[in-house]
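>>> Here is a sequence together with a model predicted from it:
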Amino acid sequence: MAADPVRMVLPAALSAVAGGHRELVRPADPGLTAGALLDGLATDYPRLERRIRDEAGRLRRYVNVYIDGEELRTLDGLASAVPPGCEVLVLQSVAGG
């Protein structure tokens, strides 16, 4: 039996580089990490992945990623586990004045 997929929720600002999608469903594999999830995202949506990570593969400083409500930087960063059936929320910080 297959594991429940991971649901990625994107802000409207990123939907344009994700084929117009605000939500992406990705397969959940045992041992899936946030880094591996983003690596897989790069295959289907390279422009989206480049908006989330820099050239060195690190999260861009203005992007926050949450796994079931827990901020990725407070967990194990890109090595954080992504359990089956979870929600991964991607948010971009907005500056203004």
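Good, I have the coordinates.

>>> what's the distance between stretch 76-91 and the middle of its chain?
Remark: stretch 76-91 is offset 7 Å from the chain centroid, using Cα atoms, centre = their mean, to the nearest Å.

>>> ugh, wrong one, stretch 53-72
Taking Cα atoms, centre = their mean, one finds stretch 53-72 lying 7 Å from the centre of the chain it belongs to.

>>> Show me the shaky parts of this structure.
Flagging of the chain using pLDDT under 70 yields the residue ranges 1-2, 95-97.

>>> what are the ranges of the strands in it?
Using DSSP state E, the strands of the chain run over 6-9, 23-26, 63-67, 70-71, 87-92.

>>> Pairing partners for the second one, with directions?
Looking at strand 23-26 with DSSP bridges, its partner strands are strand 6-9 (antiparallel).

>>> Buried residues, the partner strand. List them.
If you call a residue buried by 16 or more other Cβ atoms under 10 Å, then strand 6-9 has these buried ones: V6, M8. Any C-beta I mention is one placed from the backbone N, CA and C, and that applies to glycine too.

>>> same check, this time on stretch 19-34
Within stretch 19-34, the residues scored as buried using 16+ other Cβ under 10 Å are H21, L24, R26, A28, L32, T33, A34.

>>> Residues touching that stretch, excluding its own?
Under the contact criterion Cβ atoms under 8 Å, 6 or more residues apart in numbering, stretch 19-34 has outside partners 2-12, 15, 18, 37, 40-41, 45, 65, 67, 72, 77-86, 88.

>>> Sort out for me which of those are in helices.
In helices, defined here by DSSP state H, the members of the contacts of stretch 19-34 are A12, S15, L37, G40, L41.
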